[in-house]
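Student: build me a structure from this.
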Amino acid sequence: MKPSHLILAATLAAPALLAPALAIAQPSAPQQRAYTPTTGQPNPMPGGFHDRQGRLMIGFSLGLGGMKSGDDDVQCGNCDYDPISGEFDFHIGGMLSPRFALMFEAQGNAQTIEENTYGATSLVQATGMIAAQYWLSTQLWIKGGIGGASLGYSYSDDYDPNQDASKEIAQGGAIMGAVGYELLSARTFSIDAQARMIVGSYKGGQDVSSGSLGIGFNWY
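Tutor: The predicted structure is shown next:
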């Protein structure tokens with residue numbers, strides 16, 4: 001794995017992955033929920049954080065960006081345009097405190113590398129990770145994840161869907177880092193803008209990195 005890619009992803013991932021240890025090291029105080037007399041709904045926790053503790057967390061995001069293989073940009077040799085990569089991720093987990101969540105996260109990145117009259121071939125990186133998310137403020141959060149990665153090719157035929165095919169070429173490990181800001185922030189729902197960096201490392205020292213900017217939707 002190229003040091004520059006690993007350092008960038010690890011820099012983003014480390015704070016969120018270390019958040020549980022930092023929380024344990026801090027003195028704890030009993031958490032109290034204050035209810036409004038008119039609605040009976042819980043007010044925000046101290047510091048203005050939403051009272052999401054103990055709730056299921058589920059969501060997804062979509063993004064656009066670029067991919068690199070080693071230090072080289074992934075390109076489409078016979079395209080008459082410069083394609084960008086697409087990113088999709090899905091997560092499910094739980095809020096362990098008003099500021100910290102632990103989850104399973106799946107992410108996929110794909111970019112066209114060849115195109116002809118009949119269809120296109122894409123380089124696809126898919127990952128499954130254990131991820132931790134920590135809110136630095138009521139709306140600003142960081143996330144880190146580590147897990148497994150799969151690299152392969154996907155071919156789609158515009159004229160005959162029966163010819164669509166995919167082929168895995170390598171398996172390895174992955175590390176992911178992300179930062180986001182809740183544009184719409186409520187106790188049970190949020191929409192955020194986010195930036196992601198993920199690096200997959202494969203046998204023989206090959207690494208494929210993907211960076212993206214996107215928007216996420218989350219339910220609590």
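Student: how many neighbours does residue 132 have?
Tutor: The criterion is other C-beta atoms under 10 Å. On that basis, residue 132 has 23 neighbouring residues. All C-beta atoms are positioned from the backbone trio N, CA, C, and that covers glycine.
Student: and it, how far from residue 170?
Tutor: If you measure residue 132 against residue 170 using C-beta to C-beta, to the nearest Å, the figure is 26 Å.
Student: next one: residue 59
Tutor: Using C-beta to C-beta, one obtains 29 Å as the distance from residue 59 to residue 170.
Student: worst-scoring helix or strand of this structure, pLDDT-wise?
Tutor: Of all helical and strand segments in the chain, the minimum by mean pLDDT, DSSP states H and E falls on helix 3-25, at a mean of 56.
Student: next structured bit after that one?
Tutor: Following the chain from helix 3-25 toward its C-terminal end, the next helix or strand by DSSP states H and E is strand 56-69.
Student: what sits up against that following strand?
Tutor: Identification of contacts with strand 56-69 by C-beta atoms under 8 Å, 6 or more residues apart in numbering yields 5, 73-74, 84-95, 101, 103, 109, 111, 123, 125, 192, 194, 196, 206-220.
Student: name every strand pairing with the next helix-or-strand element following it and say which way it goes.
Tutor: Moving toward the C-terminus from strand 56-69, the first helix or strand encountered (DSSP H and E) is strand 72-73. The strands that strand 72-73 pairs with in its sheet are strand 56-69 (antiparallel) (by DSSP bridges).
Student: could you give the mean pLDDT of the partner strand?
Tutor: Per-residue pLDDT over strand 56-69 has a mean of 97.
Student: buried sites along that strand?
Tutor: 57, 59, 61, 63, 65, 66, 67, 68, 69 (16 or more other C-beta atoms under 10 Å).
Student: not counting sequence-adjacent ones, nearest residue to the second one?
Tutor: Spatial nearest neighbour of residue 59, chain neighbours left out: residue 218 (3.4 Å); criterion: C-beta to C-beta, 6 or more residues apart in numbering.
Student: burial of residue 105, as a residue count?
Tutor: The burial count for residue 105: 22, using other C-beta under 10 Å.
Student: typo on my end, it should be residue 175
Tutor: That count, for residue 175 with other C-beta under 10 Å as the rule, works out to 27.
Student: same question for residue 202.
Tutor: 19.
Student: on the strand side of things, show who it bridges to.
Tutor: residue 172.
Student: kindly report the same for residue 149.
Tutor: For residue 149, the residues forming beta bridges with it (DSSP bridges) are residue 127, residue 172.
Student: any idea what the closest residue to residue 65 other than its chain neighbours is bridged to?
Tutor: Among residues not flanking residue 65 along the chain, residue 212 sits closest, at 3.2 Å (C-beta to C-beta, 6+ apart). With beta bridges defined as DSSP bridges, residue 212 has these partners: residue 65, residue 196.
Student: give the contact list for residue 212.
Tutor: Taking C-beta under 8 Å, 6+ apart, we find residue 212 in contact with 63, 64, 65, 66, 85, 87, 109, 195, 196.
Student: below-threshold pLDDT in the chain: ranges please.
Tutor: In the predicted model of the chain, residues 1-44 satisfy pLDDT under 70.
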